[in-house]
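Visitor: Below are the sequence and a predicted model for it; my questions follow.
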Protein chains: 2
Amino acid sequence: MTDAVALPLRERKKAETWTALHEAAASLALQHGVEQATVEAIAANAGVSPRTFFNYFQAKEDAILGLREPVLEASLLAEISVTADDLVGQVSRLLMTVASTALGGDDRARRRQLIARDPHLGRRHMDYMVKAETLVCQALAGVLGQESAWADGVEGFGPEESARMLVMIAGVPIRFKLTSADFDPVEGISAETLQPSLALLRHLLRKLS
Amino acid sequence: MTDAVALPLRERKKAETWTALHEAAASLALQHGVEQATVEAIAANAGVSPRTFFNYFQAKEDAILGLREPVLEASLLAEISVTADDLVGQVSRLLMTVASTALGGDDRARRRQLIARDPHLGRRHMDYMVKAETLVCQALAGVLGQESAWADGVEGFGPEESARMLVMIAGVPIRFKLTSADFDPVEGISAETLQPSLALLRHLLRKLS
DNA sequence: TTGCACAACTGCATACTTGCAGTGATGCAC
DNA sequence: GTGCATCACTGCAAGTATGCAGTTGTGCAA
């Protein structure tokens, strides 16, 4: 995580506690299995109380995988060109990028081992996908509202509604990839591995419209 | 629920226990609020143990609303015409019908009161939407596999993959409607109320492809 | 009718999760 | 530095959820 300097003490301690909990959770789960790694033991190993554990993670699985709340950088939003012809692709990739910010921690090998042993750990990815969707949705509504081609809305719906449905459509190839048998939850999704699913979506869009 | 006759005793008792738990849950939640209606109290009022409660419902909210596992009637599947030009609409409506089979119990007024007081109850609809999607997905894959236009697959994907993504696309207008501010979780979605969302989807499909 | 297989159900033990009231450290203005 | 608002953290208590081993009742076939 290559922490830079100059963080306020409070922020730094918070980050340290986060890391301590994640490390303890992943380590214990690897040694004794997810079931045996109780919240109590994790908290004890990290030197905090069980109650504090839930101030950092919504569920034990999140701590083991090192999942954070996703964030959307303003600079990424600025790169979106609403008038370009590959709008679905752009939004899909944005969605993917935002979703991937939810993955904290950096020990990929360990994560792979954990998910291999307990596949159910991988399922929480979808939850964080939903959070990313919400984030992108709100942001995109703002962008569309300032574009003449979208601002007026279509078919009796405003730009907010257009944005909402657009994000849902752009989310399809990602959900598709996420639920594929060959999906690797450790590597996540990249712009390249998303390509085939995006191609299938475009093909179906033509076939159905 | 107009139970017909001639059910085996075992089936009948199971249905009775289901109804007793749902009635107790809805009634207690209405009287004292969702928070105060504990699983323990619900089970006691229904005359079964708390453990048994969880053999019937995955969560307290499901019991209060009377949600069941959705089912897909074979006859509905037979009506699907893969070659028709309104395939998205057909699948959307099928999806909607299957999802609506998850709503058991029949006291609409009570359900309305409950959701009005505790809006978070409505959110579990989405979970059952996912289950319905899975169901329709598997079924549709079988249908597409027998159609020459789809059997070969497209863009390097087989009919299963086409079906999966097709269902995701058809699910968009429903998810859209489900997350709309004006959505009424009591009335659910009908073929007519789905129309505008479906129109917006078609519009976007044309605009994006 | 008897006996068996199976599903429903139960108690018990344990773990997960949340709310609340209280304590102490931090950051900031003065 | 002093005082204050805020936040991180804690203990405690209660509610939610699950697994397991054991019991009871049902359906069915001999």
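Guide: Great, that's in hand. Treat the numbers as computed from the prediction; the structure is a model and nothing was measured.

Visitor: What does the pLDDT read for A:K177?
Guide: For A:K177, the model assigns a pLDDT of 90.

Visitor: Would you mind naming what in chain A lies close to DNA strand D?
Guide: A:R10, A:K13, A:K14, A:T17, A:G47, A:V48, A:S49, A:R51, A:T52, A:N55, A:Y56 (Cβ under 7 Å from any atom of the strand). For every residue, glycine as well, the C-beta is placed using N, CA and C.

Visitor: and A:L140, what is it in contact with?
Guide: A:L77, A:I80, A:V91, A:A163, A:L166, A:V167 (Cβ atoms under 8 Å, 6 or more residues apart in numbering or on different chains).

Visitor: if you set the cut-off to 6 Å instead, what comes out?
Guide: Each residue near A:L140 by Cβ atoms under 6 Å, 6 or more residues apart in numbering or on different chains is listed here: A:A163.

Visitor: Domain map for chain A?
Guide: Domains of chain A are assigned by automatic domain parsing as A:9-65, A:74-208.

Visitor: The ones you listed: which one's closest to B:H32?
Guide: domain A:9-65 (26.8 Å; Cβ to Cβ).

Visitor: Toward the C-terminus, what is the element adjacent to the helix or strand that A:A170 is a member of?
Guide: Assigned by DSSP states H and E, A:A170 belongs to helix A:159-178. Sequence-wise, the next helix or strand downstream of helix A:159-178 (DSSP H and E) is helix A:191-208.

Visitor: So which residues make contact with that following helix?
Guide: Contacts for helix A:191-208 (Cβ under 6 Å, 6+ apart): A:89, A:93, A:172-173, A:176-177, B:88, B:154-155, B:157, B:165, B:205, B:209.

Visitor: what two of the residues you listed are the furthest from one another?
Guide: Between all members of those, the farthest pair (by Cβ to Cβ) comes out as A:R93 and B:V88, at 24.3 Å.

Visitor: picking up where we left off before, what distance separates the helix holding A:A170 from the centre of its chain?
Guide: 14 Å (Cα atoms, centre = their mean, to the nearest Å).

Visitor: Could you check the angle that helix makes with helix B:191-208?
Guide: Using axes from the mean of the first three to the mean of the last three Cα atoms, to 10 degrees, the direction of helix A:159-178 lies 80 degrees away from that of helix B:191-208.

Visitor: what's the average pLDDT for stretch A:158-165?
Guide: Here the average pLDDT along stretch A:158-165 is 90.

Visitor: how distant is it from the center of its chain?
Guide: The answer for stretch A:158-165 is 22 Å, by Cα atoms, centre = their mean.

Visitor: go on, stretch A:73-87?
Guide: Going by Cα atoms, centre = their mean, where stretch A:73-87 is centred and where its chain is centred differ by 19 Å.

Visitor: which stretches of chain A have low pLDDT?
Guide: For chain A, applying pLDDT under 70 flags the ranges A:1-7, A:151-153.

Visitor: who in it is up against DNA strand C?
Guide: Checking chain A against DNA strand C by Cβ under 7 Å from any atom of the strand, the hits are A:8-11, A:13, A:37-40, A:50-51, A:54, A:58-60.

Visitor: Farthest-apart pair in these, please.
Guide: Longest span within the residues of chain A next to DNA strand C, Cβ to Cβ: A:P8 and A:T38, 32.7 Å.

Visitor: neighbour-wise, which of the two wins?
Guide: A:T38 (13 against 8; other Cβ atoms under 10 Å in any protein chain shown).

Visitor: Which stretches in chain A count as strands?
Guide: For chain A, no strands are identified by DSSP state E.

Visitor: This completes my enquiry, with thanks.
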